[in-house]
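K.L.:
Here is a sequence with its predicted model. Questions after.
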Amino acid sequence: MIESDVFLTPAQIVAELDKYIIGQHEAKRHVAIALRNRWRRLHAPLDMQHEIVPNNILMIGSTGVGKTEIARRLASIADAPFTKVEASKFTEVGYVGRDVESMVRDLAEQSVNMVKLRRKEAVKTQAAQVVEDIILDALIPPVSGTATPATRQGVGFGTAADGNQMPTSDQELNERTRDKFREKIRSGELDERKIEIKVEQSSTSGIGILGGQTGMDEASLSGLQDMLGNMLPKKTRKRRVTIAEARRILLDEEAAKLIDMEEVKEEALRHAENSGIIFIDEIDKVASRSGKGGGGPDVSREGVQRDLLPIVEGSAVSTKYGILNTDHILFIAAGAFHVAKPSDLIPELQGRFPIRVELQSLSKDDFYRILKDPKNALTKQYEALLQAEEVELTFDDAALERLAEIAFEVNSEVENIGARRLHTVMSRLLNDILFDVPDKIGANARIQITRELVDERLRDMVRNRDLTQYIL
């Protein structure tokens with residue numbers, strides 16, 4: 001199993017989330033408890049592990065308040081398979097569109113990629129040695145006949161005083177040359193030299209299977225394509241690339257040869273079943289509207305909910321890697337619920353999301369902290385962008401306060417899109433500067449964003465109350 005015996009406590013999980021997400025403490029507490037409970041279940045008595053089911057969470061809040069970011073960062077902290085889907089993209093079984101089981105297949109794919117990457121890292125040293133030999137052979141081919149003692153007979157080997165065979169001068173010279181080039185390869189001296197290598201091609205790249213004609217589902221089609229790929233001979237083609245590029249391409253191929261894909265699949269399915277997180281966004285879009293009769297789009301919405309129900313309750317879903325049981329997957333659903341209400345979801349589905357968290361709208365102070373505190377703050381992102389041009393960008397505290405104030409006002413008077421409004425404001429503020437670098441503003445320049453500059457650049461946004469052109 002991938003799960004570690006050392007895992008973060010709920011308080012530590014919240015502290016990690018605080019590095020990237022401002023406010024929403026109640027939501028952070030609930031997801032931290034849910035995540036820690038995954039670890040607790042795996043360390044509970046064996047006869048109770050199957051009985052303990054996750055407490056799925058329903059997040060309610062306007063767009064841009066941090067719902068998706070909380071779920072995404074949670075998966076990163078847990079190093080768990082994570083997939084985000086939009087409920088509005090699904091259709092009821094029997095209609096054209098994605099079926100709800102595809103979210104589980106997506107999770108299985110994510111888990112396989114995670115395990116495969118981890119396994120490749122484990123054999124990286126061994127694969128690197130093989131790759132080094134392939135590159136060396138392309139540069140300085142070994143002299144034939146030196147592979148085994150049997151092949152050395154009658155090909156110019158001398159005999160030493162003790163009766164042992166000695167290599168000829170040509171073979172000895174070849175080995176010395178190879179040793180010198182091996183050192184150069186390791187030091188990176190030859191990274192820009194081009195060599196010719198053989199690269200494997202997918203055997204199924206030209207195979208097309210029409211599911212509608214065969215009556216097969218998505219998982220079966222993928223499995224059949226993989227099976228055909230394994231049956232067909234591997235195709236290779238020659239490519240002329242730099243040694244640095246050859247190392248990258250060949251390292252991935254050789255590492256893949258050293259791992260057992262059957263073991264990867266088994267471990268990935270266990271990992272997805274015990275640690276997987278599925279985030280269902282826009283769940284309110286499939287809720288039937290209050291007070292409406294059962295007809296039109298509401299019928300389809302209720303159909304999607306009923307298809308979701310067995311997945312969330314726990315069922316066995318067929319994927320191309322095998323059967324994946326959803327009993328212990330953590331489901332986090334989210335929606336703004338501006339029109340529909342959580343009570344408009346069918347009762348059975350409501351019961352599968354026992355934890356409900358209402359996220360708060362962002363205040364002016366929240367906007368200020370979002371601009372200043374997080375490790376990935378928008379201001380730090382723009383500073384990094386201009387640093388690539390060797391231009392130093394800094395923000396005064398007064399400027400950040402004014403930016404927060406403007407973003408809050410626009411959200412209040414037009415449409416509340418949460419923290420996404422900061423992208424609009426920052427883009428409006430810095431677009432001219434980003435355009436002028438490096439043509440007019442050269443390297444080693446220093447640009448300081450002050451409150452006065454913010455007022456000057458955003459004067460039109462502040463004056464004009466018809467701000468629809470700035471809505472994302």
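P.N.:
Perfect, thanks for sending it.
K.L.:
For the protein, just list every one of the strands.
P.N.:
57-60, 82-86, 158-159, 165-166, 194-201, 235-242, 277-281, 316-319, 322-325, 330-335, 355-358, 392-395, 446-449 (DSSP state E).
K.L.:
quick one, which of those is nearest to K184?
P.N.:
When the strands of the chain are compared by Cβ to Cβ, strand 194-201 sits nearest K184, at 12.9 Å. Bear in mind the C-beta positions are built from the backbone N, C-alpha and C, glycine included.
K.L.:
buried sites along the closest one?
P.N.:
Within strand 194-201, the residues scored as buried using 16 or more other Cβ atoms under 10 Å are 195, 197.
K.L.:
in this protein, which helix or strand is least confident?
P.N.:
helix 149-152 (a mean of 34; mean pLDDT, DSSP states H and E).
K.L.:
if we can go back for a sec, any chance of the strands of the chain in JSON lines, with distance to P10 and mean pLDDT too?
P.N.:
Below are the strands of the chain laid out as JSON lines (distance: least, Cβ to Cβ, whole Å; pLDDT from 0 to 100):
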{"stretch": "strand 57-60", "distance to P10": "14", "mean pLDDT": "95"}
{"stretch": "strand 82-86", "distance to P10": "19", "mean pLDDT": "92"}
{"stretch": "strand 158-159", "distance to P10": "74", "mean pLDDT": "44"}
{"stretch": "strand 165-166", "distance to P10": "69", "mean pLDDT": "50"}
{"stretch": "strand 194-201", "distance to P10": "46", "mean pLDDT": "85"}
{"stretch": "strand 235-242", "distance to P10": "49", "mean pLDDT": "86"}
{"stretch": "strand 277-281", "distance to P10": "16", "mean pLDDT": "93"}
{"stretch": "strand 316-319", "distance to P10": "30", "mean pLDDT": "95"}
{"stretch": "strand 322-325", "distance to P10": "26", "mean pLDDT": "96"}
{"stretch": "strand 330-335", "distance to P10": "15", "mean pLDDT": "94"}
{"stretch": "strand 355-358", "distance to P10": "14", "mean pLDDT": "94"}
{"stretch": "strand 392-395", "distance to P10": "34", "mean pLDDT": "96"}
{"stretch": "strand 446-449", "distance to P10": "38", "mean pLDDT": "96"}
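K.L.:
Please identify the deepest-packed of those strands.
P.N.:
strand 330-335 (a mean of 26; mean count of other Cβ atoms under 10 Å).
K.L.:
Can you tell me how far Q448 is from I441?
P.N.:
Counting by Cβ to Cβ, to the nearest Å, the gap from Q448 to I441 is 13 Å.
K.L.:
looking at the strands of the chain, which is closest to I406?
P.N.:
From the strands of the chain, taking Cβ to Cβ, the stretch that ends up closest is strand 446-449, at 13.1 Å.
K.L.:
Report the strands that pair with the closest one, each with its relative direction.
P.N.:
The strands beside strand 446-449 in its sheet (DSSP bridges) come out as strand 392-395 (parallel).
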